Each structure stands twice: as C-alpha cells, then as structure tokens.
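In: here is my input, please return the structure:
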Amino acid sequence: MTHDNFFLQRWLGTGRDATTVVLHGGVIHWLGRHGGEIFTYDVCMEKPGTIGLPSPITSYKAGRRFHLGSYSTRDGHTLLKLVVNVGCTISVWHQLSAGGWTLETVIDVEKKLRSLDPRVLPHCAMRKLVGSSPLMINETTLTLEHVMKRLDAIEKKMLTEEHFESLDKKMHGCGVAVRGIGLQGHMQNPVGEVICAAIDRLAKTGVPVWFTELDVPEYDADLCAKDLEVVLREACAHPAVEGIIFWGFMQGTMWRNNSWLVDADGTVNEAGQMFLNLQKEWKADARGNVDGDGDFKFRGFYGRYIVEVMTATGKQMLQTFTMEKGDNTPLLVDLAHA
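Out: A predicted model of the protein is given here:
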C-alpha cells in the first residue's frame, strides 16, 4: 500500500467534518471515526502517522463527541487542542511540546447553566424532572415526504435500526430514554400505500412512531381536504403510530401556506370539516340496555370514555374509564360511588 493510498483510505474512512480536521506545520490531523486516535499526514514528507489520545478519553463509553483544534504556545509552537463532550461534561485537553497531553479544564455544563439561570433545563437533568415522559427523535431529515421518495435508499440514509440504536445510546448517556420517532409530516400529493410502506419500515425499529409537524399544502381546498384525509387514515390505521401533532391549524399563523384548517375569519374550511368528521367517525358512541347480568357490550376505540347510566328509578350516574391499547380483558366499571 502506498502512502497516498493509506492517506486516502484513512481520510475516507473517518467520517470527518470541519470540526475534526486541523492543518498546521504542513501536517494534516484528523480524528478517527470513533475518536480512538488522531491520524496524521505530513504533506511534504508524504508520511502518515497517528497520535494517541489521553487514556481517560479512550476509556469513555458511548455518547462521546470530539472537536479537534489547535493553539499557539509562548515559544511559537502550534499544538493540538482537543475538546471532549460526554453527557453534560466538557473537558479540554492540550497537547504538550514534549509529547502527551495535559488536562486544562473540566466544565460541568448543567451546573454552569443553572448558575446563569436557575430556570434552564439541561437535558442531563431532564429524566429526573420529567420522570417517564416520552422523548421523541424528531430529526430534520426525517420527513414523511423524504421517506416516501427514498424508500429504496432508507438503509443508506437515516431510517435504520442501527441509526436509532446509536441515537438511543447517546440520549441514554444523558440520562434520557427515547420512546418515540417523530416523522415530520410536511408533504404533498400523498399516496396511502406508500405512506403505509414508509411506516412499516420505521416500525422495524420497535420504537413507537408519531406524525409531527403534519400539514398538506394545496391551493385547491377540496383537494387539500382529500389529501389530508389520506394521511390521517393511514396514520391512525397503523399499529406502530402512537399519535399525530399538527404543524398548525389557523390561517396567518402557519409557515406553510394553504394547509390550514381554519380560515383567518374563524371559518372552518373543507380540510377542517373533514378533520371534524373523522373525529366524529372515530369516537365510539354506544347506547343500549344492560343484560340480565349487568353487562353491556360494545365495540369501540382505545382511549378515554365517559359512561352515563340512567337507572330504572331515574337516577343518573357518570363515570370515566380508559381502554388501553393491547388490553383485551373484560372491563369492570364501578358505579357504586358514581
């Protein structure tokens, strides 16, 4: 293997970016993909090499982020500076002229932010404060339109189990568990079968899917309503989809035009009326009499219910209950204290 080939393979295999490459003294320095070492290439001598990192850094587990830079010493030498971020802790290391590294400082970001403003909520403290509240991955490249157009290339882009496992590990390093994938729903001309296929692919991660930022821009109001209905029906029919969040609903308050549900004067337009109709269609409304055993059977959707019972003597009783997803056991509603 020639030096040029060695340099090219190292360069292409590191996943480098502008924050990990430093050039000084005619030598290129860049971080390895996993931050285990710094690769070098002397341009004049055409000589590759490596620089070891401080042992405390190499012992860090998942969730590390590195930034490579340089600094000038008093005697005019230019040496490397390495910034390491693990969770909410940032450490700064300086390369020594004689070789090796020295730790300059360690910054506790959470403590620093709280000293500036007690209201700040660093993500390291999030789990302590929000408990079991879900956190969703909602990346800018994870749009429904993107998924629909690139189903054949999903494994090469964002939507792989390995990708979400990697993100999940990073968030766990900050004490936060990821319990959802936010599929950004900015799109046009939706096709039901393609949407279903896209959700199927995401469902393989085993993480619940949410439609976020949902809007369907269309100049024709009737077509806008029909397109939005396609998305809503496909989303709500898929077992992997846990919820939907609209990007907005009011004209004049949305970034994307011609996708609102309510006009500026407060009139519910065609898309808004379609949404209200779907809500009515998807709400269970069962009426009837209990049988001799006091049972009343009906088929309904998951969610929260209000029970209204009128006895033979005219007494009215109200009670609430919730039908949980996946729970097929008979439900007993106690009306003794209603």
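
In: and the residue most central in space within the chain, how far from residue 193?
Out: Here the mean C-alpha position of the chain is nearest to the C-alpha of residue 137 (C-alpha atoms, centre = their mean), at a distance of 0.8 Å. Separation of residue 137 from residue 193 (C-beta to C-beta, to the nearest Å) stands at 25 Å. (Each C-beta comes from the backbone N, C-alpha and C, glycine too.)

In: re earlier: ok, the residue nearest to the centre of the chain touching residue 180?
Out: Yes. If you go by C-beta atoms under 8 Å, residue 137 and residue 180 touch, sitting 7.2 Å apart.

In: so residue 49 makes contact with residue 42?
Out: Yes. When contacts are counted by C-beta under 8 Å, residue 49 is listed as touching residue 42 (7.3 Å).

In: of those two, who's got more company?
Out: Regarding residue 49 and residue 42, a neighbour count based on other C-beta atoms under 10 Å identifies residue 42 as having more, with 15 against 12.

In: so the more buried one touches residue 24, yeah?
Out: No. Counting by C-beta under 8 Å, residue 24 is not a contact partner of residue 42; they are 11.5 Å apart.

In: could you pull up the mean pLDDT of the one helix or strand residue 81 maps to?
Out: Residue 81 is part of strand 78-86, with elements assigned from DSSP states H and E. Per-residue pLDDT values across strand 78-86 average out to 82.

In: how far is that strand from where the chain is centred?
Out: Computed by C-alpha atoms, centre = their mean, to the nearest Å, the separation of strand 78-86 from the middle of its chain amounts to 29 Å.

In: direction included, what does the helix or strand following that strand pair up with?
Out: Beyond strand 78-86 in the direction of the C-terminus, DSSP H and E gives the next helix or strand as strand 89-95. Strands flanking strand 89-95 in the sheet, each with its direction: strand 78-86 (antiparallel), strand 101-108 (antiparallel) (DSSP bridges).

In: what pLDDT does residue 175 get?
Out: Listed pLDDT for residue 175 reads 57.

In: hey, where'd the strands end up in the chain?
Out: 21-24, 27-31, 37-42, 47-52, 64-72, 78-86, 89-95, 101-108, 135-137, 178-186, 209-215, 241-246, 303-310, 316-323 (DSSP state E).

In: next, the angle strand 209-215 makes with the longest helix along the chain.
Out: Residue-count comparison of every helix in the chain, with assignments taken from DSSP state H, identifies helix 221-237 as the longest. An angle of 170 degrees separates the directions of helix 221-237 and strand 209-215 when computed by axes from the mean of the first three to the mean of the last three C-alpha atoms, to 10 degrees.

In: any idea how far helix 221-237 is from the middle of the chain?
Out: 24 Å.

In: how about stretch 90-104?
Out: Distance of stretch 90-104 from the chain centroid (C-alpha atoms, centre = their mean) equals 35 Å.

In: for the closest residue to residue 30 other than its chain neighbours, list the residues it contacts.
Out: The shortest distance from residue 30 to any residue other than its chain neighbours is 4.6 Å, reached at residue 21 (C-beta to C-beta, 6 or more residues apart in numbering). Contacts for residue 21 (C-beta atoms under 8 Å, 6 or more residues apart in numbering) come out as 28-30, 68.

In: and if you look at residue 28?
Out: 21-22, 40-41, 43.

In: burial count for the nearest residue to residue 236 once chain neighbours are set aside?
Out: Distances taken as C-beta to C-beta, 6+ apart place residue 282 nearest to residue 236, at 7.0 Å, with adjacent residues excluded. By other C-beta under 10 Å, 13 other residues sit near residue 282.
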